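Participant: Model the structure of this input:
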Amino acid sequence: MPPLGDPRQHYWLLLDMARLADVDLVTAFREGRITSGDWAGMVRACRECDWASGCREWMRATEVCEAAPARCRNRARL
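Facilitator: Model prediction:
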């Protein structure tokens with residue numbers, strides 16, 4: 001298994017991907033729709049992803065999307 005990516009970098013990647021998919025994780029957390037464990041699991045899934053560089057490039061070229069790309073490990077959660 002490859003080493004996990006930087007937690008801060010993947011935290012921000014997750015937030016950016018959620019924003020593009022019109023998902024407000026902060027509000028979802030505040031309203032109790034996701035737990036801190038859910039959020040940590042999403043960051044961990046992102047850290048385990050081998051597509052991080054492709055993800056950044058995809059997000060730079062995308063203004064809004066209906067769903068995260070198929071390669072995103074958090075697609076179903078978002």
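
Participant: Nearest residue to the residue nearest in space to the middle of the chain in space, please, no chain neighbours.
Facilitator: With distances taken as CA atoms, centre = their mean, residue 14 lies nearest the centre of the chain, 2.5 Å away. Nearest residue to residue 14 in three dimensions, chain neighbours excluded: residue 46, at 5.0 Å (CB to CB, 6 or more residues apart in numbering). C-beta: built from backbone N, CA, C; applies to glycine.

Participant: Helix or strand for the nearest residue to residue 34 once chain neighbours are set aside, just tell me which one.
Facilitator: Counting by CB to CB, 6+ apart, residue 34 lies nearest to residue 28, which is 4.7 Å off, once chain neighbours are set aside. Using DSSP states H and E, residue 28 falls within helix 25-30.

Participant: Quick one: residues in contact with that helix.
Facilitator: Helix 25-30 has contacts (CB atoms under 8 Å, 6 or more residues apart in numbering) with 14-15, 18, 34-36, 39, 42.
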